[in-house]
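In: Have a look; sequence and predicted model below, questions after that.
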Amino acid sequence: MAISARKKGYKSEINITPYIDILLVLLIIFMVAAPLKQHEHPVRVPQPAPADQPKNVKPDSIIVEMDSDHTVRLNQRPVTLTELESTLTEVFARRAAKNMFIRGDSSLPYGDVFVLLDIARRAGVGDVALLEKSSSPAPAAH
């Protein structure tokens, strides 16, 4: 603290120069360290569909769903987790496009859906998109 004598008394001021120096050093450290962080799963931005593709053609999608009661379905067909890996391996061995969708109930823990992602990677799936399925019940008919 700097203290200066004036006519009416003493005035104390805080010297902020050391604080600014520390702030700048921390800023440089974080700027250098941030790009070094490694990410487990790369994120790719979806590309727009080609303009020459006809609009009425529906691509054959592979959709794996997991409900809140942990039942798993592959394109609306119930399967177990052990059957799922072998089925996906067989399906993606014959396909050129190795794309798949995983739809999980929003009430499920992230780790439960991540099991499906691991199975898909072991089965040879290239790109996986995660979809959210709402857990709200359907309205009752009167």
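Out: Arrived safely.

In: give the contact list for L130.
Out: Residues touching L130, when contacts are defined by C-beta atoms under 8 Å, 6 or more residues apart in numbering, comprise 101-104, 113, 117. C-beta here means a position set from N, CA and C on the backbone, and glycine is covered the same way.

In: Which strand or helix spans it?
Out: Counting by DSSP states H and E, the element that carries L130 is strand 127-133.

In: In its sheet, which strands sit next to that strand, and in what direction?
Out: Partner strands and pairing direction for strand 127-133 (DSSP bridges) are strand 99-105 (parallel).

In: and the strand it pairs with, which residues are buried?
Out: Neighbour-count burial for strand 99-105, counted by 16 or more other C-beta atoms under 10 Å, picks out 100-105.

In: so can I have TSV of those residues showing distance to I63 and pLDDT?
Out: Supplementary listing: the buried residues of strand 99-105 in TSV, determined by distance: C-beta to C-beta, whole Å; pLDDT from 0 to 100:
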residue	distance to I63	pLDDT
M100	8	85
F101	5	85
I102	8	84
R103	6	83
G104	11	82
D105	14	80
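
In: and which of the residues you listed is nearest to G124?
Out: Ranked by distance to G124 (C-beta to C-beta), the buried residues of strand 99-105 are led by M100 at 10.1 Å.

In: how does the chain divide into domains?
Out: Residue ranges for each domain of the chain read 11-35, 63-133, as given by automatic domain parsing.

In: Would you reformat those as JSON lines and include distance to R44?
Out: Converted to JSON lines, the domains of the chain look like this (distance: least, C-beta to C-beta, whole Å):
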{"stretch": "domain 11-35", "distance to R44": "19"}
{"stretch": "domain 63-133", "distance to R44": "7"}
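
In: I'd like to know how many residues surround the nearest residue to H70 once chain neighbours are set aside.
Out: Counting by C-beta to C-beta, 6 or more residues apart in numbering, H70 lies nearest to D112, which is 6.7 Å off, once chain neighbours are set aside. The number of residues packed near D112 is 13, by other C-beta atoms under 10 Å.
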